[in-house]
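>>> Attaching a predicted model along with its sequence, questions to come.
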Amino acid sequence: MKRLMTFIALALLIGSAVYAYRVKYDSIVLAEQVNKLKSRIHREKDAIAVLKAEWQYVNRPDRVQSLADAHTELKAMPITSVVRWAELPARQATGDVIAGKLEALGLIESTATPSSAKPADGRTPAARKP
């Protein structure tokens, strides 16, 4: 009985040592992953700072103004171009443009809607008689 207890105690001691080694190894692996993620976050923050600086450099008002002058033909609006709301002409009434073109082509005629020879069932609406 004494040998069995010694064997069990020895097995438990070896098992606990293996478990402790495994926990230590897993914690080392996780700590390395945390350090890698921290360095990656630091690199990304540096990259974001560089991109923000580049954006501020590209978005300078004097640079944008020179590009606008070079690539557009905008001129300063004279003060005489500014009018009051009441001085604006009234908007022209617009009709149906497509119908006007069809009328000009002579394509608008009253068409008779074909009547259905079948009696109306519950799925289709019944035709109204005028």
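Yep, it's here. Residues are numbered from 1 along each chain as shown.
>>> Let me know how buried residue 102 is, in neighbour terms.
Residue 102 has 13 neighbouring residues, counting by other Cβ atoms under 10 Å. The way it works is simple: take the backbone N, C-alpha and C, and place the C-beta from them, glycine included.
>>> 29 is where my numbering starts, stick with that
That works, and once the first residue is 29, the last one we named lands at residue 130.
>>> And it, its phi and psi?
Here is the backbone geometry of residue 130 (degrees, to the nearest 10): phi -70, psi -40.
>>> so how far is residue 88 from residue 94?
9 Å (Cβ to Cβ, to the nearest Å).
>>> List of residues touching the helix or strand of the chain with the lowest mean pLDDT?
Within the chain, confidence by mean pLDDT, DSSP states H and E is lowest for helix 125-133 among all helices and strands, at a mean of 82. In this structure, residues lying in contact with helix 125-133 by Cβ atoms under 8 Å, 6 or more residues apart in numbering are residue 136.
>>> mind exporting that helix as CSV, just the C-alpha atoms?
What follows is helix 125-133, C-alpha atoms only, in CSV (Å, rounded to 0.1, in the frame of the first residue of the first chain):
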residue,chain,number,x,y,z
VAL,A,125,-41.4,67.1,-72.7
ILE,A,126,-41.8,63.6,-74.0
ALA,A,127,-45.5,64.2,-74.8
GLY,A,128,-44.6,67.4,-76.6
LYS,A,129,-42.1,65.5,-78.8
LEU,A,130,-44.6,62.7,-79.5
GLU,A,131,-47.2,65.3,-80.5
ALA,A,132,-44.8,67.0,-82.8
LEU,A,133,-44.1,63.7,-84.5
